[in-house]
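*Asks:* fold the following.
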Amino acid sequence: MNDAYVMTHTGKMFNPFHPDENLICIEDIAHALSMQCRYNGHLKKFYSVAEHSIDVALVLKKLGLPAKTQLLGLLHDAGEAYLSDVPAPVKKYLPDFKNLEDNLSSTIIRKLHPLFRDLSVNDFFFVNLIDKDISIIEARKLLGEAEWNSVETIFDTKNLDYMFFRISSEVAEKIFKKVYRSLLEEIAHEQTRN
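*Replies:* Purely as a prediction, here's the structure:
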């Protein structure tokens with residue numbers, strides 16, 4: 001495991017088993033997630049993990065949740081930039097992978113989220129809830145409605161038609177970084193007001 005390095009977009013040698021916070025950067029995460037397709041690529045059209053993450057953050061904003069929760073939503077799949085993903089039905093049988101992913105995700109959030117110490121169980125709860133709902137909507141629109149229409153969502157999703165523009169990887173990467181920086185600014189402003 002000590003020699004399990006992956007080279008990142010910016011040329012860093014990163015070991016997911018021993019994640020070094022100093023090597024984590026939003027540029028690598030935004031780029032890698034913009035190049036990875038959701039659902040293991042089994043979609044009608046390309047839809048990136050970056051776009052999914054942006055959508056999670058936007059829905060959290062639409063629900064009136066604070067910027068710290070929105071930022072957690074944007075970063076919730078950031079570990080996939082270094083590990084890729086394993087489909088959820090398979091991942092549940094791979095506890096070692098899940099532990100690796102959780103450790104990496106914690107390290108990323110610690111590095112890139114200025115309020116990581118202030119994140120509560122509620123922040124994670126809402127991000128997980130929205131992530132699941134959006135995954136159901138994605139499946140309906142991008143895999144096939146018939147198989148997914150019977151699956152319930154928690155929130156009213158009729159107003160989410162603006163999602164799934166299926167933007168290019170380049171655009172998704174730019175928007176991901178822009179949303180990240182915008183949320184950092186919003187968090188900084190909230191902190192100075194308090």
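
*Asks:* for the chain, give me the ranges with low pLDDT.
*Replies:* For the chain, the stretches flagged by pLDDT under 70 are 145, 156-165, 194.

*Asks:* 90 instead?
*Replies:* Scanning the chain for pLDDT under 90 picks out the ranges 1-2, 42-46, 85, 87-89, 91, 133-167, 190-194.

*Asks:* for whichever strand or helix holds Lys174, packing partners?
*Replies:* Using DSSP states H and E, Lys174 falls within helix 169-193. For helix 169-193, the packing partners by 3 or more CB pairs under 8 Å, 6 or more residues apart in numbering; DSSP states H and E come out as helix 26-35, helix 49-62, helix 67-75. Every C-beta, even on glycine, is put in place using the N, C-alpha and C of the backbone.

*Asks:* what's the spacing between that helix and its chain's center?
*Replies:* 14 Å (CA atoms, centre = their mean, to the nearest Å).

*Asks:* sorry, back to before: now the helices and strands packed on helix 169-193 in a markdown table, with mean neighbour count and distance to Pro87?
*Replies:* Formatted as a markdown table, these follow (neighbours: other CB atoms under 10 Å; distance: least, CB to CB, whole Å):
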| stretch | mean neighbour count | distance to Pro87 |
| --- | --- | --- |
| helix 26-35 | 22 | 17 |
| helix 49-62 | 24 | 13 |
| helix 67-75 | 25 | 21 |
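
*Asks:* ok, which of the ones you listed comes nearest Ala139?
*Replies:* For Ala139, the closest of the helices and strands packed on helix 169-193 is helix 49-62, at 11.5 Å, according to CB to CB.

*Asks:* elements contacting that closest one?
*Replies:* Against helix 49-62 (3+ CB pairs under 8 Å, 6+ apart) you get helix 26-35, helix 67-75, helix 121-142, helix 169-193.
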